[in-house]
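1. Requesting a structural model of the entry that follows:
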Amino acid sequence: MNPNTQYSFRQNILIQILLMGLLALSVSAQSDSQPDSINLQLIEAEIGQMIMVGIRGTHLNDAAMMQTQSQISNGEIGGIIFFKHNIKNSRQFRIFVKGLKALPLDLPLFLAVDEEGGLVRRLKKSQGFEEFPAAAHVGATLSASEAYDVYSKMAKQIHDSGLNLNLGPVVDVNINRLSPAIGQLNRSFSRDPGEVFKFGEIFIRAHNEAGVLSTLKHYPGHGSSREDTHNDVTDITNTWRNSEQLPFKRLIDSNVVDMIMAGHLFNRHVDPNYPASMSHEHIQKILRVELGYNGVVITDDLQMGAIIKRYALDEIVISAINSGCDILQFSDPMNLDENLPLRIRDIIITGILDGKIDADRIHESYRRITQLKQKLQSTTE
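-> This is a model prediction of the structure:
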């Protein structure tokens, strides 16, 4: 073989080796990227656990429930909140809830209701349920043992209906007795944060012993407000007091909290851009770091006027997640959208792909939610 031919042969061998190496690197790169695509697929299930919605219908076979059933079975919804339009009577409601719980699921649904007592109740006497007094009445007139009896009966009724989550107690301090959302509706136990803590702890303990989870609301405190978040932004910048934080702090320190609801409460001293339900300053920095709360945070309804009038859906979802909230609640019974869970999921996935949401935030929320649902499962076994 002449030198030129030998050189050409060696060159071809080297080129082939180089091409084989590049091919191996390409395969390796594809292999390395594959876990990301798998994680993205898996993350859809995690996102589903972060979504709580209101629903239409009073029976599982209602036409309005067909798409919802599919979404539940596919893991696209992690929780449901019920309102008066879902309840005809106690028997119908128990059958309805039982049917939902019988759907094939990897994790149990959060089946929630706002049952505070007084004016804020969903299970009514006219439907065959027992009704209970408002928090203001309990705090002003009942002893600790009497309050425990009241909330034990309330929790048992919730549990017997098939539900597992009460969006109460209200631990707002009754600073402004004329507050349209709290004081005027008698939703606060007391003006004294120590009394609020005492009766809030009784409410929680009675529910837990009946196998029902509870929710502190409305963080960071709605009791001084002059507006109602159902209608528009509620600015507590000049009214909020440090005492409003005390019931939350003491209950967190007592290690009895299942869940905390972030209110649509705006305090420009904390965050000039967002209310607590969308604020990293409020939730991550203060509630989680300063107050030491590591459990589930649920937003108040993100379709309330305080939110939906001021922010686009994409910004609402992304900001609420980045704030440190774990469950996004969309429950307005007057504005139900059967496709909303999928729209929320797509916003989150797009946010992850665009770098606006860190996937670890989704994993973090999923861990918190599944830990709480394990507690739920242990109480029913």
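
2. contacts, neighbours, all on C-alpha from now
-> Will do.

3. those strands in the stretch 251-381 of the chain, which residues are they?
-> For the stretch 251-381 of the chain, the strands identified by DSSP state E, counting those that start in this stretch occupy 259-262, 265-266, 296-299, 328-330, in order along the chain.

4. quick one, which of these is nearest to Trp240?
-> Nearest to Trp240, of all the strands of the stretch 251-381 of the chain, is strand 265-266, at 9.9 Å by C-alpha to C-alpha.

5. I would like the residues contacting that closest one, please.
-> Judged by C-alpha atoms under 8 Å, 6 or more residues apart in numbering, the contacts made with strand 265-266 from elsewhere in the structure are 220-222, 229, 233-237, 272, 274-277.

6. how about a cut-off of 10 Å?
-> For strand 265-266, contacts defined as C-alpha atoms under 10 Å, 6 or more residues apart in numbering pick out 218-222, 225, 227-229, 233-237, 240, 272-279, 282, 306-307.

7. ditto for stretch 64-75
-> The set of residues external to stretch 64-75 that reach it, using C-alpha under 10 Å, 6+ apart, is 44-49, 51, 53, 55-61, 76-80, 100, 103-107, 109, 338-339, 341-342.

8. Kindly format the C-alpha coordinates of it as CSV.
-> The C-alpha atoms that make up stretch 64-75 are tabulated as CSV, following Å, rounded to 0.1, in the frame of the first residue of the first chain:
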residue,chain,number,x,y,z
ALA,A,64,-73.0,18.1,33.8
MET,A,65,-70.9,15.5,35.6
MET,A,66,-69.7,13.5,32.7
GLN,A,67,-66.6,15.5,31.9
THR,A,68,-65.9,16.1,35.6
GLN,A,69,-66.0,12.3,36.2
SER,A,70,-63.4,11.8,33.5
GLN,A,71,-61.2,14.6,34.9
ILE,A,72,-61.3,13.1,38.3
SER,A,73,-60.5,9.5,37.1
ASN,A,74,-57.7,10.9,34.9
GLY,A,75,-56.1,12.7,37.9
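
9. okay, Asn39: pLDDT?
-> In this model, Asn39 is scored at 73, pLDDT.

10. What is the three-state secondary structure of it?
-> Counting by DSSP: H, G, I helix; E, B strand; the rest coil, the backbone at Asn39 sits in helix.

11. sorry, back to before: of the contacts of stretch 64-75, which belong to strands?
-> Ile51, Val53, Gly79, Ile80 (DSSP state E).

12. List just the nearest of those to Ser179.
-> Taking C-alpha to C-alpha as the measure, Ser179 lies nearest Val53 of the ones in strands among the contacts of stretch 64-75, at 27.2 Å.

13. Provide a list of residues in contact with that closest one.
-> Val53 makes contacts with 68, 77-82, 112, 301, 328-333, 336-338, 340-341, as judged by C-alpha under 10 Å, 6+ apart.

14. go again using 7 Å as the cut-off
-> Applying C-alpha atoms under 7 Å, 6 or more residues apart in numbering to Val53 gives the contacts Gly79, Ile80, Ile81, Gln329, Phe330, Ser331.
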